[in-house]
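*Asks:* take this sequence and fold it.
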Amino acid sequence: MQQVKLLSADENLVFSLSGEIDAATSDDFYAQVAAAYEHDKKNVVFDCAALTFIDSTTLGTFVKIFKKLKCDGFTMILDKVRPNVKKLFDICALNTIMEIR
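*Replies:* Residues are numbered from 1 along each chain as shown. Take a look at the predicted model:
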């Protein structure tokens, strides 16, 4: 089960991600993030401490969000990324364009 929760909209939009985000849930993930962002455009931070799994579709969704933010002049940070999830970003060299910590 995947959870996307907007934790804060003060300085940045901070989302807590938990569980699994895959091909079956990535559209919902994108829709929730896009709706919050369109309402209040600012930098986005994803707290990934409880995110246990993503697939290639979800990587594409993160790229789509990243491109939209960059085009608008904002940034995206993936924070507290677990090693198994970070490995996918590293394999695809997304760690060279995205801030992943």
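*Asks:* top helix in this structure by residue count?
*Replies:* helix 56-71 (DSSP state H).
*Asks:* packing partners for it?
*Replies:* Judged by 3 or more CB pairs under 8 Å, 6 or more residues apart in numbering; DSSP states H and E, helix 56-71 is in contact with helix 26-39, strand 44-54, strand 76-79, helix 83-91. From N, CA and C alone the C-beta is placed, and that goes for glycine too.
*Asks:* buried set for the shortest one?
*Replies:* By neighbour count with 16 or more other CB atoms under 10 Å, strand 76-79 contains the buried residues 76, 77, 78.
*Asks:* list the buried residues in stretch 36-56.
*Replies:* 36, 37, 42, 44, 45, 46, 47, 48, 51, 54, 55.
*Asks:* show me what the fourth one bridges to in the sheet.
*Replies:* Here residue 44 sits in beta bridges with residue 13, residue 76, as judged by DSSP bridges.
*Asks:* make 9 the starting number, not 1.
*Replies:* Taking 9 as the first residue, the last one we looked at is residue 52.
*Asks:* residues contacting it?
*Replies:* Contacts for residue 52 were tallied using CB atoms under 8 Å, 6 or more residues apart in numbering; they are 20, 21, 22, 23, 41, 45, 73, 77, 82, 83, 84, 85.
*Asks:* one more pass at 7 Å, please.
*Replies:* For residue 52, the contact set (CB atoms under 7 Å, 6 or more residues apart in numbering) comprises 20, 21, 23, 45, 73, 77, 82, 84.
*Asks:* helix or strand with the lowest mean pLDDT in the protein?
*Replies:* Sorting the helices and strands of the chain by mean pLDDT, DSSP states H and E puts strand 10-16 at the bottom, at a mean of 88.
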